[in-house]
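# my questions are about this predicted structure, shown below with the sequence.
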Amino acid sequence: MTVPATTRQLRSLVTPEGQVRISLATVDTPQPRPHQVVVRVEAAPVNPSDLGLLLALADPGAAEVDDSPEGPVVTASVPEAAMPSMRARLDQSLPVGNEGAGTVVAAGDSPEAQDLLGKRVGFSGGGAYGEHALTTAQACLPLPDGATAADGAASFVNPLTALGMVETMRREGHTALVHTAAASNLGQMLARVCLADDIGLVNVVRRPEQADLLRDLGARHVVDSSAATFMTDLVEAIRATGATMAFDAVGGGRLASDILNAMEVAVTDPDAPYSRYGTDVPKQVYVYGSLDRRPIELRRGFGFSWGVGGWLLMPFLASLPVDDLVRLRSRIASELTTTFASSFTEEITLDQVLDLDVLRRAARTSTGEKFLIVP
Ligand SMILES: NC(=O)c1ccc[n+]([C@@H]2O[C@H](COP(=O)([O-])OP(=O)(O)OC[C@H]3O[C@@H](n4cnc5c(N)ncnc54)[C@H](OP(=O)(O)O)[C@@H]3O)[C@@H](O)[C@H]2O)c1
């Protein structure tokens, strides 16, 4: 297979003065080590976490584009409050794109890597927003016959996160879940997983159209935070499912608090004697996204048996026994175009990412508006 000597990659750099600079760099095509492969990228989704790295929390609405001898450079101001968290990336031109799909065009000497040569795979590992990406053989999922690159482009992050939520629920002794921003691409996958596996799921959305979308998928418990009856609806749905664990993608404002308070009301036995310490039923909210950047506000009416913590896919995967990871990945491969299907509204090229109109639209993270980069 011919592999060009150089390749183009989308890069994001934050300057010490507080500016993010997004550009296309031409770099040497990476050489695989024994356990690595080089994938010719054919499709890569624009996920919220990719936007976090690409934009460094800058507002794309206020971005500008400058011409340089190497091509266009998009620049925008990083919010001052975010600069301390950027310290470890200052002045580094970072590749972007957590996952994608494409064809393996070069492989290291190990049998696992050689076995992938010429195959179309979904992959994770960074640098997916480029013509070629270097990753490990272990981070590749050979796509089933007939699956397109678009089918496999989002086969890691959201599918494994949806399954990871269910695994975490079981591991920590809970039996049903609450999920927020539930009409997201990930939320739709989780809704299908919970239906297939007969797990109670309370889907929290913020607009009536999102509730309709989930009900059309078959979701049984959908509550809309914009409804006047939100808190009573939430308590009722939690009571019906027995959900005492929540995964919260919003991660700001009062939603986590509302969920804990609703859980406490739902699990309180009306005939039990009053306790000023609340119930002893463990209630857990895992914040796994930052869609709302305000502080989390906890209004405590939920006793003392509760927790709010962070949840991230990579540490979860690192804690998973290998057999379990194999089981999850083979389920994703066999249900790639059903349970774990992603739909993309627009395909854009690497060059178009540097077009301000396109970048602003791709950065919106609105329901059903996921973009696919096709290098
Ligand atoms: N921790 C991890 O390891 C991990 C892994 C994978 C994904 N994630 C997170 O999972 C979330 C979903 O990802 P995705 O790719 O499925 O996203 P997506 O398809 O782009 O959907 C984003 C959803 O969030 C909603 N939303 C945006 N801002 C909101 C806010 N302030 N309050 C309530 N809802 C809001 C949008 O609804 P509207 O149309 O109403 O805006 C949309 O339904 C993201 O937060 C992502 O970062 C985390």
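Done, it's in.

# where do the strands sit along the stretch 201-350 of the chain?
For the stretch 201-350 of the chain, strands defined by DSSP state E, counting those that start in this stretch occupy the ranges 221-224, 245-248, 283-287, 306-310, 346-348.

# kindly report the same for the stretch 51-200 of the chain.
All strands of the stretch 51-200 of the chain, identified by DSSP E, counting those that start in this stretch, fall at 64-68, 71-77, 94-95, 99-107, 120-124, 132-136, 140-142, 176-180, 200-205.

# which residues are contacting the longest helix seen in the chain?
Taking DSSP state H as the criterion, the chain has its longest helix at helix 157-171. Helix 157-171 is contacted by residues 47, 49, 98-99, 124, 175-177, 179, 185-186, 189-190, 193-194, 197, 199, 245, 247, 286, 288, 311, 313, 316-317, 320, 324, 328-329, 331-332, 339-340, 342 when judged by C-beta atoms under 8 Å, 6 or more residues apart in numbering. No exception for glycine: its C-beta is placed from N, CA and C like everyone else's.

# give me that answer again for 7 Å
Outside of helix 157-171, the residues within contact range by C-beta atoms under 7 Å, 6 or more residues apart in numbering are 47, 98-99, 124, 177, 185-186, 189-190, 193, 197, 199, 245, 247, 311, 313, 316-317, 328, 332, 340, 342.

# can you tell me which of the residues you listed are up against the ligand?
Taking C-beta under 6 Å from any ligand atom as the test, the ligand is in contact with 47, 185, 186, 311, 313 out of the contacts of helix 157-171.

# identify the farthest-apart pair in these.
Using C-beta to C-beta, those reach their maximum pairwise distance at 185 and 311, which is 17.4 Å.

# more crowded one of those two?
Ranked by neighbour count (other C-beta atoms under 10 Å), residue 185 and residue 311 place residue 185 first, with 23 against 18.

# residues contacting the closest residue to the ligand within the stretch 251-375 of the chain?
Proximity of the stretch 251-375 of the chain to the ligand (C-beta to the nearest ligand atom) peaks at residue 289, 2.5 Å away. Taking C-beta under 7 Å, 6+ apart, we find residue 289 in contact with 48, 181, 249, 250, 251.

# how about a markdown table for those, with pLDDT, neighbour count and distance to residue 13 added?
As requested, those are exported to a markdown table (pLDDT from 0 to 100; neighbours: other C-beta atoms under 10 Å; distance: C-beta to C-beta, whole Å):
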| residue | pLDDT | neighbour count | distance to residue 13 |
| --- | --- | --- | --- |
| 48 | 94 | 18 | 20 |
| 181 | 98 | 25 | 30 |
| 249 | 98 | 23 | 28 |
| 250 | 98 | 21 | 29 |
| 251 | 97 | 23 | 26 |
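
# which residues touch the one helix or strand in the chain whose mean pLDDT sits lowest?
Using mean pLDDT, DSSP states H and E, the weakest-scoring helix or strand in the chain turns out to be strand 64-68, at a mean of 93. For strand 64-68, contacts defined as C-beta under 7 Å, 6+ apart pick out 72, 73, 74, 75, 354, 356.

# what do you get if the cut-off is 10 Å, keeping everything else the same?
Strand 64-68 has contacts (C-beta atoms under 10 Å, 6 or more residues apart in numbering) with 21-23, 72-77, 354-356, 359.

# mind picking the two most distant members of those?
Within the contacts of strand 64-68, two members stand farthest from each other by C-beta to C-beta: 77 and 355, at 19.5 Å.

# what about the helices in the stretch 251-375 of the chain?
Here the stretch 251-375 of the chain has its helices, by DSSP state H, counting those that start in this stretch, at 255-267, 313-318, 322-334, 356-362.

# pop the domain breakdown of the protein in here.
Using automatic domain parsing, the domain parsing of the chain gives 6-154+342-373, 158-316.

# straight-line length of the shortest one, end to end?
Think domain 158-316. Length of domain 158-316, first residue to last, C-alpha to C-alpha, to the nearest Å: 13 Å.

# skip the chain neighbours and tell me the closest residue to the closest residue to the ligand within the stretch 1-150 of the chain.
Going by C-beta to the nearest ligand atom, the ligand is nearest to residue 48 of the stretch 1-150 of the chain, at 3.6 Å. Of all residues not flanking residue 48 in the chain, residue 365 sits nearest, at 5.1 Å (C-beta to C-beta, 6 or more residues apart in numbering).

# out of the strands of the stretch 201-350 of the chain, flag the one nearest residue 117.
Closest among the strands of the stretch 201-350 of the chain, using C-beta to C-beta: strand 346-348, at 26.7 Å.

# anything in the closest one near the ligand?
No - Strand 346-348 stays clear of the ligand (C-beta under 6 Å from any ligand atom), getting no nearer than 12.9 Å.

# ok, that strand: who's next to it in the sheet?
Strand 346-348 sits in its sheet next to strand 371-373 (parallel), going by DSSP bridges.

# can you tell me the average pLDDT over the strand it pairs with?
Across strand 371-373, the average pLDDT comes to 98.
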